[in-house]
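Novice: following is a predicted model, sequence given first.
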Amino acid sequence: MGEISEAWTLRARRSAGRQTAWVVLALVLIMTVVAVASAGAAGGPSDPCWHCAGLVVQFGDGNYLTRCVDFREDQISGVELLQRSGLRAILQISEGTGGGVCRIEGEGCAYPDEPCFCQCMGGPVCLYWAYFVRSGSSWAYSGVGAGLRLLSDGDMDAWTWGGGAPPPPALSIEDICHDRTRISVGYPRMDVLGSDLTVVAPFEGDENSNGLASLRLRPLGGGWDQPVAMVRGDSAFSATMRGVQDGRYEVEVSYGDPDGVNGSACWIRTIDVGVPLGHSLFLPVVLAEDAE
């Protein structure tokens, strides 16, 4: 009886060991499948199925910003590149030319309330959003509208305000897309509520989270206050200055990053405090079909 009991005990131990091994193997397989499925669902710039294209936007004061747009399609249009950049833009779409850009981040014309090219209608000055494409190591004025232009992996577009303004900065796709530790600056946005001034400074990149931004204020023509560190969020820095007296002010936002800064590091905007409706500048991207 003792020998039979020992045999059954040994057999039970072996069976339990085999069951444990199968359970462990099953758990490993399940975890592997979940990890692969999650990676495939999330995708991202490191996925070989993803492509990237660069965008440069230069404003009338000479400040510029850059965006790297990731996409899965073989090609996207210039309009889609601008739409996916996260910048606030108003576009006029036309079948014949592919459309034009009326306004980016508040600079330009408020189509359809006014013509898309409202500052280029026969007067002595012609200001509009000029469209450039990267050709080799230089920029070339685009011969087609943004809706007809197709970008593939590694291509670049640029928009500059001013029409006859100089071409965009001589940047490469490596500068914009291939170093995600560098901070890519955004267009500072301001909002006034009573005597409180809130400034939001968007950003992209900075994957190692060592970028920062500061804010300072001065009455128009006066001296600058001491800079204030802005609070970092997921995609923007922000700060609120309370008890600001009525008047017109210049607001300076400065970005910094030990890894480098994509775009202009210093932005100065003018704002009025004490006007009835304030200045809420969070405008959506608007697509308006050409009436013709």
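Specialist: Structure received.
Novice: tell me where the model's unsure across the stretch 51-200 of the chain.
Specialist: Where the stretch 51-200 of the chain drops to pLDDT under 70, the residues are 96-97, 164-165.
Novice: residue 264 - nearest residue in space that isn't next to it in sequence?
Specialist: residue 63 (4.0 Å; Cβ to Cβ, 6 or more residues apart in numbering). (Each C-beta comes from the backbone N, C-alpha and C, glycine too.)
Novice: what sits against that neighbour?
Specialist: Applying Cβ atoms under 8 Å, 6 or more residues apart in numbering, we find residue 63 in contact with 263-264, 266-267.
Novice: could you work out the most separated pair of those?
Specialist: The span of those, defined through Cβ to Cβ, is set by 263 and 266 at 10.2 Å.
Novice: could you pull out the residues contacting both of those two?
Specialist: In contact with both residue 263 and residue 266: 63, 255, using Cβ under 8 Å, 6+ apart.
Novice: if you count what's nearby, which of these two comes out ahead?
Specialist: A count of neighbours by other Cβ atoms under 10 Å puts residue 263 above the other of residue 263 and residue 266, at 25 against 13.
Novice: and the helices in the stretch 51-200 of the chain?
Specialist: Counting by DSSP state H, counting those that start in this stretch, the stretch 51-200 of the chain has helices at residues 78-84, 173-177.
Novice: quick one: the residue nearest to residue 264 from residue 269, how far?
Specialist: Between residue 63 and residue 269 the distance is 10 Å, computed by Cβ to Cβ, to the nearest Å.
Novice: what do you get for residue 256?
Specialist: 18 Å.
Novice: between these two, who's got more neighbours?
Specialist: residue 269 (19 against 14).
Novice: can you give me every residue that contacts the nearest residue to the more buried one once chain neighbours are set aside?
Specialist: Nearest residue to residue 269, sequence neighbours excluded (Cβ to Cβ, 6+ apart): residue 251, at 5.0 Å. Residue 251 makes contact with 188, 190, 197, 199, 215-217, 268-271, according to Cβ under 8 Å, 6+ apart.
Novice: let's see 10 Å
Specialist: With contacts defined as Cβ atoms under 10 Å, 6 or more residues apart in numbering, the neighbours of residue 251 are 188, 190, 197, 199, 215-218, 241, 267-271.
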